[in-house]
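Engineer: Provided below are the primary sequence and the corresponding predicted coordinates.
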Amino acid sequence: MKSHFTLIKNAQLVEYCKKRITDCDILIKNASGGYESVVVEVGQHINTGALSEMTFSVFDARGNYVLPSFTDLFCCFREPDAMYKENIEKTLAAAQAGGYSRLLAFHENDKRQEDKLYGVSYIRTHTASCACKVMLAAPALPDDMDRAVINGAVAFTDAFIQFPDVVSQRSAMKECADRGLLYVAFAADRSLVGDGAVNSGDVAGMLSVKGIGSACEEIAVMRALLLAEETGCRTHISGISTGRSVDFIRQAKKSGISVSCDVSPNHIFFDEYALMYYGGTAKLLPPLRSYRDKEAIVEGICDGTIDCVASHHIPNESDSRIQRKMAPTPLSAVPFGAVGLQIVFPACVEALLVPGYIDIFRLVELLCVNPAKVLSSKPQEAFRDIESGSQADMNVVSVREKVTVNESFVKGKAINTPFFGMTLCGRVIKNFTDGR
């Protein structure tokens, strides 16, 4: 079978490790079937004469940036238990459109499902041949850890479970430490959420719903930090939202605790008053917090305390009436979560890059470099620039073009997001995953 080549012309290649931007062309070779694709050459005026006898295509980057493909640290797969919300095909379509080549997959089991690892094994089986690499975060149930590893789990998490006590969480984290696996601690203690729907404060009162206090998050964060210190477990705290959480993690890093953290695009863009305008599409867990908390999140991104921006892609049923805030459905009955795979890049450009809080290299760090390091047991070897011999995973992006978040923009099935209807600066023009 003939090899297929793609030439990306007129690119501005962002080289993170060298901290430079290079005007160049990039030649990609795809192996048989599109697998094991590699970058053949990076340079100006690449000679393609020898490719005339082979399958050959050209993509004109038109002077836009070429970045490494993104890695997401929190993507909730709804299949198999809730395919009416979103199936695997739609999730992966949204991932590719959003610029992702690797996803850390979470799954919320149907409570009626006795096998708590059924979703993990199902996702592994049904994504094995996909170009996008799907890695699995299994529920941190000590009795099921051996089977989870056999089923391909690379991390364990408490995101959709509630430990009966701290001893159980410590046992799970100690097991992760012994196995050299990542533990993903969700930034909310679900036992303290109760019937809460939004941040405790004025907005909860105005909407006549119960609030979720910052302690719900900060207790979970502090517990994870203290247990990470005790067990030596490589720990990632997912979805922080309060200024105090940022402070706790900043101090933990200074103390030498092996911890990283991420934030969702919603929490760098909105505060709790978004609920007044966007209704249930802005109902998240952890909830949107105060303006002061949002500013602390941005500060944490700027000073390096926050390592990554993760999509926190949680599709919910696409009831068009709910999306348009016309339904009589009470806010307390709307499920938590928002889609995010296609939102991350434009939200980061609009909220962080355009105002000058970060530069393009820090953006690459948040979406590419640090997520790869979080997932690797050898962080120093986890990332390399796009260069000859590297894997052909990359994005052509514009930080000037605008996108409008609407039905035609969203490639997934669900459209539950407070960004719906907004126009943002920043577009993923083309994603190449494994050269495809």
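Structural biologist: Perfect, I can see it now.

Engineer: distance between stretch 397-411 and the chain's centre?
Structural biologist: Computed by C-alpha atoms, centre = their mean, to the nearest Å, the separation of stretch 397-411 from the middle of its chain amounts to 18 Å.

Engineer: Now stretch 98-110: average pLDDT?
Structural biologist: Regarding stretch 98-110, the rounded mean pLDDT is 92.

Engineer: Can you list the buried residues in it?
Structural biologist: Within stretch 98-110, the residues that count as buried by 16 or more other C-beta atoms under 10 Å are 98-109. Every residue, glycine included, has its C-beta placed from N, CA and C.

Engineer: among these, which are in helices?
Structural biologist: Of the buried residues of stretch 98-110, the ones assigned to helices by DSSP state H are Gly98.

Engineer: want to throw the buried residues of stretch 98-110 into TSV with distance to Val120?
Structural biologist: Shown next, in TSV, are these (distance: C-beta to C-beta, whole Å):
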residue	distance to Val120
Gly98	23
Gly99	25
Tyr100	20
Ser101	21
Arg102	17
Leu103	14
Leu104	12
Ala105	8
Phe106	10
His107	6
Glu108	11
Asn109	9
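
Engineer: Just the closest of the buried residues of stretch 98-110 to Ser332, please.
Structural biologist: Glu108 (19.2 Å; C-beta to C-beta).

Engineer: just checking, that closest one touches Thr157?
Structural biologist: No. Counting by C-beta atoms under 8 Å, Glu108 sits too far from Thr157 to count as a contact (10.9 Å).

Engineer: re earlier: which members of the buried residues of stretch 98-110 define the maximum pairwise distance?
Structural biologist: Using C-beta to C-beta, the pair of those lying farthest apart is Gly99 and Asn109, separated by 28.9 Å.

Engineer: Show me the contact partners of the helix ranked longest in the chain.
Structural biologist: In the chain, with assignment by DSSP H, the single longest helix is helix 215-231. Contact partners of helix 215-231, identified using C-beta atoms under 8 Å, 6 or more residues apart in numbering, comprise 166, 169-170, 173-174, 176-177, 183, 185-189, 192-193, 196, 233-235, 237, 240-242, 244-245, 248-249, 252, 255, 257-259, 286.

Engineer: Next SSE downstream of the helix or strand of the chain with the lowest mean pLDDT?
Structural biologist: Lowest by mean pLDDT, DSSP states H and E among the helices and strands of the chain is helix 320-323, with a mean of 44. For helix 320-323, the following helix or strand on the C-terminal side (DSSP states H and E) is helix 344-348.

Engineer: Could I get the full set of helices for this structure?
Structural biologist: 88-98, 118-127, 145-150, 166-179, 202-207, 215-231, 243-254, 265-269, 274-278, 291-302, 320-323, 344-348, 360-364, 370-375.

Engineer: The last one packs against which elements?
Structural biologist: In other words, helix 370-375. On a contact count with 3 or more C-beta pairs under 8 Å, 6 or more residues apart in numbering; DSSP states H and E, helix 370-375 meets strand 70-77, strand 100-107, strand 259-263, strand 308-309.

Engineer: Can I get those strands in TSV including distance to His45?
Structural biologist: Listed next are the helices and strands packed on helix 370-375 as TSV, based on distance: least, C-beta to C-beta, whole Å:
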stretch	distance to His45
strand 70-77	29
strand 100-107	28
strand 259-263	40
strand 308-309	36
